[in-house]
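> coordinates for the following, if possible.
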Amino acid sequence: MFEDFRIRVFERVAELGSFTAAAKALGISQPAVSQHISELERSVGGALFERGRGRVEPTQRGRLFLEHARAILSDYKSLDSEFRVPESILLHHVLLDGRKTNILIRKDRFADLDAPEDTPADRIVEADGLAILPSFFNTHTHAAMTLMRGMADDLPLEEWLQEHVWPFEANLTPDDIRHGNELAVREMVASGSTFFSDMYFDPEEAMAPVEAAGIRAAIGITILDNHPKSQAEALKNYIKNWQDPTGGRIQLVMCPHSVYTVNGERLKRCVDFARHHDMLIHIHVSETRREVEDCIKAHGTTPVRYLDKLGILGPDVIAAHCVHVDAEEWKILANHGVTIAHCPCSNMKLGSGRFPYELALESGCRITLGTDGVSSNNNLDMREEMKFAALLAKLNGDTTLLPADEIFRWATRNGAEFFGIDAGEIAKGKLADAVLVDLGAPSMQPCHNLISNWVYSADTSVIRYRLCNGRLLK
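Below you'll find the predicted structure:
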């Protein structure tokens, strides 16, 4: 078997025409070079070099061997480039805050935002003509539902759920769920998301694609009343014994589905358990008018007031949707430090209603963005969510409501903050989660305001590179 180093020695001798020069270039002795070449010649059964007083030249057999050697070494280089995690990356001539600079990423963080051009790095990315922006943090998804894309579209919500979604979900296997998550992760990475918070089933099937892709996720432990007691106990044991396979990119989140699928006592037990184990809590709240009406019938009050009465609300809670929430309820949410996951495209497609932007902004609540499930939205593109949220906010006539900079924060920094991830902005010492976008793309020209272009006119085809945890993603 031909060893890698012997092939390198052979290739260097052929290139330099000298055993002595090859030894110097490789940092080994000349006798060591001679020994490696002699071993190769014994293996191939003949001389590989014509030895004389002048330059050493390959024999006919040596020239043929050299062709194969160079191909092998090229494959080694490709293998190394593809799979070796670089300790450092230099983004050369990238645009940051309107100026060209060199950004050094060391391990998982931004180490220097003004690095000298000749800064050594394991990998250099020529980024002239590209701008760097924080990547997206998608705070509410049902990733495996990607398999339901376009299924029985444009039906009344209750008919769609009862006749199509729920029967389909009931027949999903673990393999189906993994395939749905794989597709969802690919779509999210392609469109610039490096994190998603998921509420679904079979958490292990969601984690595998996350681990493979190199991104981050908050994987939900979803709780419903129709789960048998044995399953609830199994989930508790799973949480107690779980270890993150990625070394820090995945966290478990407790997901009691909603007030209409989980009874009050179970909600309290679920949240108490989560807080005891330092888990964040992810729940649907007031997505539809019917949900609010049913809650009033069942409990004499609205979902937010009911959750407040149960002691569920707190700064460790992210509430998805909150479409039908009145002014007093927004104050309750804000007083408890609850974070909101706004899903504009899903709310429109399902006819849930317009998010009360005016009340939400006045309340001071931290607002984030999510895509919800593909079955209720059709894609997982967070840039599209930014655009639709910004436009919907202005629908009532106030063009100054929810400017581009603010909706951009909803899609990036705000989500990172809630989930305790030290990212969401391009700053020294922050985790290197980012996208590099092509300023030469027609939708980015002219670039009077980068963030405005990114929110209103671009699409995700302008993304050239994606970074998560200091790694370039495929």
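
> could you point out the longest helix in the chain?
Longest helix of the chain, by residue count under DSSP state H: helix 60-83.

> contacts for that one next, please.
Outside helix 60-83, the residues within contact range by C-beta atoms under 8 Å, 6 or more residues apart in numbering are 4, 7-8, 10-11, 14, 40, 44, 46-49, 58. From N, CA and C alone the C-beta is placed, and that goes for glycine too.

> tell me, how many residues neighbour Arg51?
11 (other C-beta atoms under 10 Å).

> pLDDT score for it?
Per-residue confidence (pLDDT) for Arg51: 82.

> ok, it - contacts?
Contacts of Arg51 by C-beta under 8 Å, 6+ apart: none found.

> what's the distance between it and Cys447?
As judged by C-beta to C-beta, to the nearest Å, Arg51 and Cys447 stand 62 Å apart.

> where in the chain is pLDDT low?
In the predicted model, the chain carries pLDDT under 70 at residues 1-3, 80-85, 152, 230.

> distance of the residue lying closest to Arg149 once chain neighbours are set aside from Thr302?
Sequence neighbours aside, Val374 is the residue nearest to Arg149 in space, at 4.8 Å (criterion: C-beta to C-beta, 6 or more residues apart in numbering). Distance from Val374 to Thr302, counting by C-beta to C-beta: 29 Å.

> likewise for Glu15?
Applying C-beta to C-beta, the value for Glu15 to Thr302 is 77 Å.

> what do you get for Arg266?
From Arg266 across to Thr302, the span is 20 Å (C-beta to C-beta).

> which one's more surrounded, these two?
Using other C-beta under 10 Å as the criterion, Arg266 and Thr302 rank with Thr302 on top: 23 against 16.

> surely the more buried one and Trp330 touch.
No: counting by C-beta atoms under 8 Å, Trp330 is not a contact partner of Thr302; they are 11.7 Å apart.

> overlap of the contact sets of the two?
Common neighbours of Thr302 and Trp330 (C-beta under 8 Å, 6+ apart) do not exist.

> next, count neighbours for the closest residue in space to Lys331 that isn't next to it in sequence.
Counting by C-beta to C-beta, 6+ apart, Ser363 is the residue found nearest to Lys331 once chain neighbours are left out, at 6.3 Å. Look at Ser363: counted by other C-beta under 10 Å, it has 21 neighbours.

> how close does Ser363 get to Val304?
According to C-beta to C-beta, Ser363 stands 11 Å off from Val304.

> any shared contact partners between these two?
Taking C-beta under 8 Å, 6+ apart as the contact rule, Ser363 and Val304 both touch Leu333.

> so how far is Leu130 from the residue nearest the centre of the chain?
By C-alpha atoms, centre = their mean, the mean C-alpha position of the chain lies nearest to Thr194, the distance being 1.8 Å. Thr194 is 17 Å from Leu130, where distance means C-beta to C-beta.

> ok, Arg464 touching Leu439?
No: Arg464 sits out of contact with Leu439 when judged by C-beta under 8 Å, with a separation of 10.0 Å.

> and for these two, which residues touch both?
Jointly contacting Arg464 and Leu439 under the rule C-beta under 8 Å, 6+ apart are Leu130.

> residue contacts, Lys240?
Contacts for Lys240 (C-beta under 8 Å, 6+ apart) come out as His277.

> same check, this time on Leu172
Going by C-beta under 8 Å, 6+ apart, Leu172 touches Ala144, Leu147, Gly180.

> how about the closest residue to Phe408 other than its chain neighbours, phi and psi?
Leaving aside its chain neighbours, Phe408 sits nearest to Ile451 (5.3 Å; criterion: C-beta to C-beta, 6+ apart). Dihedral angles of Ile451 (phi, psi; degrees, to the nearest 10) stand at phi -70, psi -40.

> so who does Ile451 touch?
Ala404, Asp405, Phe408.

> which of the residues you listed are buried?
Using 16 or more other C-beta atoms under 10 Å as the burial test, the contacts of Ile451 include Ala404, Phe408 as buried.

> turn the contacts of Ile451 into JSON lines, columns for distance to Pro203 and secondary structure.
Shown next, in JSON lines, are the contacts of Ile451 (distance: C-beta to C-beta, whole Å; DSSP: H, G, I helix; E, B strand; the rest coil):
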{"residue": "Ala404", "distance to Pro203": "36", "secondary structure": "helix"}
{"residue": "Asp405", "distance to Pro203": "35", "secondary structure": "helix"}
{"residue": "Phe408", "distance to Pro203": "30", "secondary structure": "helix"}
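
> now the contacts of Ile451 as JSON lines including distance to Ile72?
Putting the contacts of Ile451 into JSON lines (distance: C-beta to C-beta, whole Å) gives the following:
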{"residue": "Ala404", "distance to Ile72": "51"}
{"residue": "Asp405", "distance to Ile72": "52"}
{"residue": "Phe408", "distance to Ile72": "48"}
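
> let me know the closest of the contacts of Ile451 to Asp176.
Phe408 (35.0 Å; C-beta to C-beta).
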